[in-house]
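*Asks:* Requesting a structural model of the entry that follows:
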Amino acid sequence: MRPPPTALTPGRPGRPPRPGPGPGEHPAPTRRVLLRGAGAALTAVLPPAGCVPLVGCVPLAARSPLTGLDHAVAHLLDRQGAAVLSGDRAGYLDTVDTTDPADAAHHRRVFANLRRLPLAEWSHRVLTVRRTGARRAEAVAELRHRLRGYDHGPRTSLERLPLTWDDGRWRLAAKAPGIPRQLWEQGQMRLTRGRHSLVLTVGRPADERAALAREADLAVPRVAAAWPGPWTRRVVVLGPASLPNAAELLDGSPARYLGIAAVTSSEPRAAGPADRVVVNPEAYGTLDATGRQTVMTHETAHVATRAATTEHTPTWLSEGLADWIAHRGRTPDIRHAAPHLRAAALAGRLPERLPTDADFAFDGDPALLARAYEAGWLACRWTAERWGEARLARFYRAAGRPGPGALDRAARDVLGVDEREFTAHWRRWTARRLAD
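*Replies:* Next up, the predicted model:
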């Protein structure tokens with residue numbers, strides 16, 4: 001399942017007046033230094049882990065002149081980034097507030113977690129800084145990080161970073177409740193490497209960690225067989241301790257993901273350099289082995305097809321293809337595998353159209369959501385049966401190309417029918433199969 005789109009670009013309404021200069025504000029020679037390991041940076045992915053809305057914020061590059069506080073925070077984050085990449089524990093701890101013993105232990109644990117990651121790149125770009133008290137401030141910054149061997153390019157996420165003035169300079173403070181945390185900030189993080197996977201977990205027992213790696217390792221070759229296009233053929237899985245922790249990695253709203261077993265955190269765009277499969281342990285844990293494998297394969301399909309998925313790709317096609325790949329090679333009884341759509345068909349209420357993007361809202365009617373998924377799956381299954389798997393893949397890629405009437409154009413060019421004919425044929429096939 002892909003999450004609803006979340007904008008990265010901050011809005012530009014007027015900002016409230018900034019407080020005057022505060023303690024420790026001083027110019028720095030550069031606003032930001034990009035710290036890299038091996039490889040080059042590519043594009044960003046959305047919606048990222050720990051993303052927060054930025055209503056009313058203005059990007060740092062759009063403001064002139066830069067304030068001393070902005071410079072001070074940018075310099076602080078550059079120092080911390082250098083310490084992360086070089087493994088300099090003392091240098092890292094020198095950038096954070098360790099006055100409180102509990103906070104000090106937290107910062108040491110975060111550094112230890114980061115050292116476990118195969119980081120090739122880690123850097124921050126300051127977007128805004130505001131004073132929140134005489135000796136406190138908060139920054140919003142763009143974090144870019146890349147995992148060596150797993151990410152095509154850096155993963156981008158927005159972070160709210162609390163700051164305290166201590167011992168003559170600004171330091172990063174522990175995040176208070178309500179501020180979304182990255183997985184490495186949620187507790188002791190375990191890293192499990194599979195043949196095709198990297199599983200990062202907090203608070204999950206050893207058998208669950210091994211099972212996630214095993215399921216991801218099985219998913220990758222299954223997806224590769226159905227989608228032979230270019231992708232990393234590796235998947236990064238995040239396994240937080242609870243639904244609220246999982247929601248922090250997505251949009252911070254647990255109710256939105258209640259009952260959702262897993263979500264691929266990214267935004268459709270021209271490239272998918274750093275997707276993450278985020279597992280909701282409360283829903284994923286209720287599934288049997290077949291169900292868990294189906295979900296993991298579905299999410300891995302989103303990772304594989306991300307480069308071909310754009311804002312023009314209908315959600316029914318994106319979710320339907322992922323479901324078709326997850327079920328490929330098996331022949332589940334459609335009447336039992338699509339119970340909500342079958343009930344509608346038997347009652348004479350089979351939808352006249354394919355699902356809209358709004359039908360896939362996480363927080364909408366659960367029955368409508370289930371019917372939407374079933375309809376998308378059957379549309380892709382029917383397409384593969386009638387025109388073949390290779391043309392289904394071509395149809396998917398064509399439907400994501402920019403321009404008006406993308407789906408109609410893709411159907412005409414690849415399948416030889418227009419969108420209206422495609423829908424009518426799908427509806428007749430579905431009604432017949434559900435009634436058998």
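*Asks:* where does the nearest residue to R136 once chain neighbours are set aside fall, phi/psi-wise?
*Replies:* Distances taken as Cβ to Cβ, 6 or more residues apart in numbering place T164 nearest to R136, at 5.8 Å, with adjacent residues excluded. Heads up, the C-betas are built off the backbone N, CA and C, glycines and all. Backbone torsions of T164, given as degrees, to the nearest 10, read phi -130, psi 150.
*Asks:* Compute the number of surrounding residues for T164.
*Replies:* 18 (other Cβ atoms under 10 Å).
*Asks:* Touching, it and A134? I think so.
*Replies:* No: judged on Cβ atoms under 8 Å, T164 makes no contact with A134 at a distance of 10.7 Å.
*Asks:* For the chain, which residues score under the pLDDT cut-off?
*Replies:* Within the chain, the segments meeting pLDDT under 70 span 1-67, 267-274, 436.
*Asks:* same thing but at 50, please
*Replies:* 4-66, 267-272 (pLDDT under 50).
*Asks:* That one: helices as residue ranges?
*Replies:* 68-86, 89-93, 101-116, 206-226, 243-248, 281-284, 289-305, 315-327, 334-337, 339-346, 366-387, 389-399, 406-410, 419-435 (DSSP state H).
*Asks:* what's the closest of these to A173?
*Replies:* helix 101-116 (7.1 Å; Cβ to Cβ).
*Asks:* Run through who's touching the closest one.
*Replies:* For helix 101-116, the external contacting residues (Cβ atoms under 8 Å, 6 or more residues apart in numbering) are 84, 87, 89, 92-93, 96-98, 122, 173-174, 184-185, 187-189, 191.
*Asks:* who's in contact with the nearest residue to F422 once chain neighbours are set aside?
*Replies:* Excluding its sequence neighbours, the residue lying closest to F422 (Cβ to Cβ, 6+ apart) is A411, at 4.7 Å. The contact partners of A411, by Cβ under 8 Å, 6+ apart, come to F395, V417, D418, E419, E421, F422.
*Asks:* Put the buried members of those into a PyMOL selection.
*Replies:* Listed next is the PyMOL selection for buried residues among the contacts of A411, using 16 or more other Cβ atoms under 10 Å:
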select buried, resi 395+417+419+422
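*Asks:* Just give me the residue closest to the centre of this protein.
*Replies:* S265 (1.3 Å; Cα atoms, centre = their mean).
*Asks:* unless I'm mixing things up, that one is touching D275, no?
*Replies:* Yes: S265 lies in contact with D275 (Cβ under 8 Å); the separation is 6.9 Å.
*Asks:* Kindly tell me how buried S86 is, as a neighbour count.
*Replies:* 11.
*Asks:* which ones are touching it?
*Replies:* Here S86 is in contact with no residue (Cβ under 8 Å, 6+ apart).
*Asks:* Same question for the longest strand along the chain: list its buried residues.
*Replies:* Among the segments of the chain that qualify as a strand by DSSP state E, the longest is strand 119-133. By 16+ other Cβ under 10 Å, the buried positions in strand 119-133 come out as L119, A120, E121, W122, S123, H124, R125, V126, L127, T128, V129, R131.
*Asks:* again, but for stretch 103-118
*Replies:* Under 16+ other Cβ under 10 Å, the buried positions of stretch 103-118 are H106, H107, R109, V110, F111, N113, L114, L117.
*Asks:* repeat for stretch 179-191
*Replies:* Buried-residue list, stretch 179-191, by 16+ other Cβ under 10 Å: I179, P180, R181, Q182, L183, W184, E185, Q186, G187, M189, R190.
*Asks:* Kindly report the same for stretch 143-156.
*Replies:* So, applying 16+ other Cβ under 10 Å, buried residues of stretch 143-156: L143, R144, H145, R146, L147, Y150, D151, H152, G153, P154, R155, T156.
*Asks:* Kind regards, and thank you for your time.
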